[in-house]
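Chemist: predicted structure and sequence below. I'll ask about it afterward.
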Amino acid sequence: MMLEVKNLVKEFGGLVANGDISFELRQGEILGLIGPNGAGKSTLFNCIAGYYKPTGGEILFEGKDITGWSPHQITREGIARTFQGMKIMPNLTVEENVMIGAFCRTGDRQVAQKEARGILDLMGLTGEAEALPTGLPIAAQKRIELARAIATKPRLLMLDEMAAGLNPLETKEIIQILQKIKEEKKLTLFLTEHVMEFIMTVSERVIVMAAGKKITEGPPVEVARQEKVIEAYLGERYAKGR
Amino acid sequence: MRQLLIDIFSFRDRPRFERIGFLIFILIVLIFPWIVTSAYGRAVMIKFLLFALFGLGWNLIGGYGGQVDLGQAKNVGFGAYATALMIVWWKVPFWITVIPGIVIAAAESFAVAYPMFRLKGHYFAIATLCVALVWKELFIFWDWTGGARGVELPIRSGVDFVYMQFNSPIYYHYFILFLFLMQFFFVNWFRKSKLGYEVQAVRDNEDAAASLGINVYRTKVINYTVAGGLGALGGSFMAVYYLYIDPDAVMPLDLSILIAMTVMVGGAGSIWGPIIGAAILIPLDMYLGAWLGAQKRLGIDFMIYAMIMMVIAAKEPKGIWGIIERVRKKGTR
C-alpha cells in the first residue's frame, strides 16, 4: 500500500476541517479527490504533505508512520506536491527552479543541472530554461511547478488544482504530460481538482468530500451518478428533482 | 577537485559584459596606488575595498538569503578583538589570529541564530540589531577586553608580514585586495553551491522550498553562521590597519547599518552589488563628508546619504545593479 490515511482529524479551533477521514492509495494508482468549496480537500492535502499537523489519526506512507512530519522530511521520504496558488521562485530562472528540486537527491550542481534539463525537455520547457518564470504564461508556470516536484524523485505525487486557470487546450496538454511522466517515472498520483472534466478523465478512482467528511469513493462514472454526490455539489432540491 | 576550482574562479555563467567589467575593475584596483599618490585617496580606496569585503559577507544572509541582518558589526568586532587581543597577549602572528576570529563569530552566530530564526522579517532585523548592541555593551563593560579604553596594538617598524604592519599604505592596499578577492571567490563558489541555491529558494518562497525537501530553518541558521564568519575577516584587517580598536570603532550600530546599506544600494543578491554599493557610498561618505565639514555644514552629508537610501529602497529594491540589468535587457531586445 502506497498511502494509508486512518481516521484523520484536523480541527482549527472549533472548526472541523477534516473529520475522521480514512482511505487508501494503491501503488501506481491515480486517485482523485473532489468536493465543493470548503469541503476540506486542501486541508487534507496539507496534512499529508506536512504543512498542517493533524489533530488526530495516522498517515502511513509505504507502511511508515509519517504523521506530524515536517514538509521537507516528507518530500525526502518520497512524496512531492504542487500548490494551488502557484509558489514559484521569482528571482531564479526556470532551470534553477527545477534544479532546486533536483538538489533534494544530490549535492552536485552538474548532476542537478543535467537532471533539470532532462525534466524540462520532458515538459516541453527547454526553450524557457534561461527565462525568469514570472514573465511566462500560467500554463508554463504550472509546468514548472510540476517539473520541480518531479525533480525531487517522488514515488507519490500530489497535485493541488493542477488545471485551475487553464483553458481546455492547455488542460488537455497537461493531462498528456501527466500520463507520460506517470509511465516514465512510475508514479502514483493523488490529485484534487475543481475542473470535473480533468479529474473524471484522469482518475481511476475518486474520493468525494463534503463539509469536512468523506462521503463516498469509487470509480468516477459510478460516483458521479450517486445522489449524495450530486446533492453535495448542487443542493438537495436539485438532486431530488431529477 | 578540478570542478571545485572551476566553481571558485569561473564566471562563465555570467554575461560577457560582466566578465569584462570585472576584469577592468581588477585592473584599476591593481594599478590604483601607483596612479593616486595622495594618502587620503589611498585611504579611501582601502576603505572601499574593506566595505566591499563586508558587503560580500553580508550579501549571503541579506542578499541571497533575503534576511535583513542589522547586526553584522558584532562579527566585525569579534574578528577585530580576536586579532588584537591575541597579538597583544600572546604575540600570535596575524594569519593565525584570523582563524579563531572567524570561528568565534561563526559559533556565536550559530548559537544566536537558533532562537532568532523563530522570528521573521522586521522582527528578525530588530533582533539582530539588539544582539549586536548587547555585544557592544559587553565589550565596553568587560575589563579583560580593555573595556571602553580599547586595545592598542604594539607598533612595529618597517614592513612586517608576520603581524601585517606596514609603513606604507601600498602594502595595506594589496593586503585588503587579497582578502577581498578571497572572499569574492568564496562567494562566487557559494552562489553556485547547493547551499547557495537553497538559501535563494528559501528567500523566494519558504513553503515551496520546504516542498522541495529543504529544511528552511536549518538553511537559515547555516547561512547566518557562514555570513557571520565572513564578517570577522574584515574585522581582523581593521585591527592591524588602525592599530587601535575599541567597541565604538569596530562594533557600532552605524557600521551594521552601513554594511547593510552598501549592499542594498548596490544590489542585494547579486555578486556585483556590494562592490557597486561600496564604490558609491564610501567615496561619497569620505569626500562629501570632508568637504561639507570643512564648510561647517555638518550633517548635510547624512541627509544626502539618507535620501539616496530612501529613493533606492522605494524605487528600486534591487539596487543600482537592478537598474543596470533592466537597462541592458531593454537594449538587447
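Modeler: Great, that's in hand.
Chemist: up against chain B, what does chain A have?
Modeler: A:49-51, A:70-72, A:75-76, A:80-83, A:87-92, A:96, A:99-101, A:103-104, A:107, A:109-110, A:112, A:148-149, A:151-152 (C-beta under 8 Å from any C-beta of the partner chain). (Each C-beta comes from the backbone N, C-alpha and C, glycine too.)
Chemist: try 6 Å this time
Modeler: Contact residues (C-beta under 6 Å from any C-beta of the partner chain) of chain A with chain B: A:71-72, A:75-76, A:81, A:87, A:89-92, A:100-101, A:103-104, A:107, A:109, A:152.
Chemist: would you show me how to pick out the buried ones of those residues in ChimeraX?
Modeler: In ChimeraX syntax, the buried subset of the residues of chain A next to chain B is picked out as below (16 or more other C-beta atoms under 10 Å in any protein chain shown):
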select /A:71,72,75,76,81,87,89,91,92,100,101,103,104,109,152
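Chemist: quick one: which of the residues of chain A next to chain B sit in helices?
Modeler: Taking DSSP state H, the ones among the residues of chain A next to chain B that sit in helices are A:71, A:72, A:75, A:76, A:100, A:101, A:109.
Chemist: what sits against the fifth one?
Modeler: What that stands for is residue A:100. Residues near residue A:100 by C-beta atoms under 6 Å, 6 or more residues apart in numbering or on different chains: B:197, B:201, B:212.
Chemist: before we move on, what about the last one?
Modeler: Remark: with contacts taken as C-beta under 6 Å, 6+ apart, residue A:109 is in contact with residue B:192.
Chemist: for the stretch 51-200 of chain B, which residues are neighbours of chain A?
Modeler: Counting by C-beta under 6 Å from any C-beta, the stretch 51-200 of chain B comes close to chain A at B:192, B:194, B:197, B:200.
Chemist: least confident of these?
Modeler: The lowest pLDDT within those belongs to residue B:192, with 92.
Chemist: which residues does that residue contact?
Modeler: By C-beta under 6 Å, 6+ apart, the neighbours of residue B:192 are A:109, B:7.
Chemist: can you list the weak-confidence ranges in the chain?
Modeler: This is for chain A. A:236-242 (pLDDT under 70).
Chemist: that answer is for a different chain, and I need it for chain B
Modeler: Residues of chain B that meet the cut-off, pLDDT under 70, sit at B:331-333.
Chemist: go with 50
Modeler: Low-confidence segments of chain B, defined by pLDDT under 50, are absent.
Chemist: where is the longest helix in it?
Modeler: Longest helix in chain B, counting by DSSP H: helix B:216-242.
Chemist: and that one, is it in reach of chain A?
Modeler: No: Helix B:216-242 stays out of contact with chain A when judged by C-beta under 6 Å from any C-beta, the minimum separation being 7.2 Å.
Chemist: tell me the SS of the spatially most central residue of chain A?
Modeler: Centroid-nearest residue in chain A, with C-alpha atoms, centre = their mean: residue A:159, separated by 1.7 Å. Under DSSP: H, G, I helix; E, B strand; the rest coil, the three-state class of residue A:159 is strand.
Chemist: how near is it to chain B?
Modeler: Noted for residue A:159: a distance of 12 Å to chain B, by C-beta to the nearest C-beta, to the nearest Å.
Chemist: for the nearest residue to that residue once chain neighbours are set aside, which three-state class applies?
Modeler: Nearest-residue entry for residue A:159: residue A:191, 4.3 Å, with adjacent residues in sequence omitted and distances by C-beta to C-beta, 6 or more residues apart in numbering or on different chains. Here residue A:191 is strand, with the state taken from three-state DSSP.
Chemist: what's the burial count for residue A:191?
Modeler: Other residues within reach of residue A:191, judged by other C-beta atoms under 10 Å in any protein chain shown, total 25.
Chemist: ok, it to residue A:100 distance?
Modeler: Using C-beta to C-beta, to the nearest Å, residue A:191 is found at 23 Å from residue A:100.
Chemist: could you do residue B:68 as well?
Modeler: Residue B:68 is 22 Å from residue A:100, by C-beta to C-beta.
Chemist: please apply the same query to residue B:130.
Modeler: From residue B:130 to residue A:100 the distance is 33 Å (C-beta to C-beta).
Chemist: before we move on, what about residue A:126?
Modeler: 18 Å.
Chemist: burial count for the closest residue to residue B:247 other than its chain neighbours?
Modeler: Distances taken as C-beta to C-beta, 6+ apart put residue B:139 closest to residue B:247, at 4.2 Å, once the chain neighbours are dropped. Using other C-beta under 10 Å, residue B:139 has 24 other residues around it.
Chemist: kindly report the same for the one 4 residues further on.
Modeler: Around residue B:143 sit 7 other residues, with neighbours defined as other C-beta under 10 Å.
Chemist: are we agreed that it is in a helix?
Modeler: No: under three-state DSSP, residue B:143 sits outside any helix and is assigned coil.
Chemist: residue closest to the middle of chain B?
Modeler: residue B:54 (0.9 Å).
Chemist: element containing that residue?
Modeler: helix B:39-58 (DSSP states H and E).
Chemist: quick one: that helix to helix B:216-242, angle?
Modeler: Helix B:39-58 runs at 160 degrees relative to helix B:216-242, counting by axes from the mean of the first three to the mean of the last three C-alpha atoms, to 10 degrees.
Chemist: now the helix or strand following helix B:39-58 - C-alpha only, CSV.
Modeler: Heading C-terminal from helix B:39-58, the first helix or strand you meet, by DSSP H and E, is helix B:72-90. Output of helix B:72-90 as CSV, limited to C-alpha atoms (Å, rounded to 0.1, in the frame of the first residue of the first chain):
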residue,chain,number,x,y,z
GLN,B,72,27.0,42.4,11.2
ALA,B,73,29.1,44.8,13.3
LYS,B,74,29.3,42.3,16.1
ASN,B,75,31.1,39.8,13.8
VAL,B,76,33.5,42.6,12.7
GLY,B,77,34.1,43.2,16.3
PHE,B,78,34.8,39.5,17.1
GLY,B,79,37.3,39.4,14.3
ALA,B,80,39.0,42.7,15.3
TYR,B,81,39.2,41.7,19.0
ALA,B,82,40.4,38.2,18.3
THR,B,83,43.3,39.5,16.3
ALA,B,84,44.1,42.5,18.5
LEU,B,85,44.0,40.6,21.8
MET,B,86,45.9,37.5,20.6
ILE,B,87,48.6,39.8,19.2
VAL,B,88,48.8,41.8,22.5
TRP,B,89,48.6,38.8,24.9
TRP,B,90,50.5,36.1,23.1
